[in-house]
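In: one predicted model, sequence on top.
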Amino acid sequence: MPAFDASRAALVLVDLMERIVALPLAPRPGADVVATATGLAAAFRAAGAPVVLIRAERPGTDPQPPGSGFVPGLVHDGDLVVVKRTIGGFHGTALHDLLTERGVTTLVFGGIATNLGVESTARSAADLGYDLYFAEDALTALTPEEHRAAVELNFPRLGTVTRAAALTPDAAR
C-alpha cells in the first residue's frame, strides 16, 4: 500500500446515522462499522488530523425522520460536521472549502452505504484531486454484492482499499 502523508489527511465518515446504522446491512452490521470508524476517528483526533462527519437531511422534510442524528458518541468537539442533501458529501456543501482551509490533500473513507453515500462522495473527491483511501472494514452496504462491487471494482480505480489498521495516522508514518 502506498504510504500517505498523515499531516495532510482527514478521515471522512459518511452517514453513520442511527436510522441507517440500524438497517440490515452487509457484509457487516452497522454496529461493527461504527466500532471500527470510532477507533479510526480516535486515532485521527489523537494525531491532530481532521475528522469529518457527513450526514444526510431530506430536503423539504421538517422535522427529519427519527434517527437522523449521528450515532451517540460519534461526534467530538473539533470535528467537522457536514450536512448533505444529495447522495454525495461535496455537492451543495462547504466540504471542499473546509478541507482546503486545513491543507488536506488525502481522504480516508468509512461509512454507509459503501456504494451510495461513500462512493458518491469519493467520486467527487477524486474529481477534485484528493488522494483517496478506503477502510474496507469501516464500510458496509445494503447487500454484500453492492459492497463488493464498490470495494473490488470501483474504489481501486479511485484510490487504495485496505483495512482500517493500515490507515491510522501512526501507521501511515
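Out: Alright, I've got the coordinates. Numbers count the residues shown, from 1 in each chain.
In: which of the three states applies to the spatially closest residue to residue 121 that is not a sequence neighbour?
Out: Excluding its sequence neighbours, the residue lying closest to residue 121 (CB to CB, 6 or more residues apart in numbering) is residue 89, at 4.0 Å. Every C-beta, even on glycine, is put in place using the N, C-alpha and C of the backbone. Per DSSP: H, G, I helix; E, B strand; the rest coil, the secondary structure class of residue 89 is coil.
In: quick one: contacts for residue 89?
Out: Shown in contact with residue 89 (CB atoms under 8 Å, 6 or more residues apart in numbering): 12, 14, 52, 54, 82, 95, 117, 120-121, 124.
In: given the longest strand seen in the chain, what are its sheet partners and their directions?
Out: In the chain, assigned by DSSP state E, the strand with the most residues is strand 131-140. Here strand 131-140 has these sheet partners by DSSP bridges: strand 106-112 (parallel), strand 160-162 (parallel).
In: after the longest one, which helix or strand is next?
Out: Heading C-terminal from strand 106-112, the first helix or strand you meet, by DSSP states H and E, is helix 119-127.
In: and stretch 149-166, what's its mean pLDDT?
Out: Across stretch 149-166, pLDDT averages out at 97.
In: which residues sit against it?
Out: 1-2, 36-37, 39-40, 110, 114-115, 118-119, 122-123, 126, 131-139, 141, 171.
In: repeat the analysis, applying 7 Å as the threshold.
Out: Applying CB atoms under 7 Å, 6 or more residues apart in numbering, the contact partners of stretch 149-166 are 1-2, 36, 39-40, 114-115, 119, 122-123, 126, 131-139, 171.
In: lovely, talk soon.
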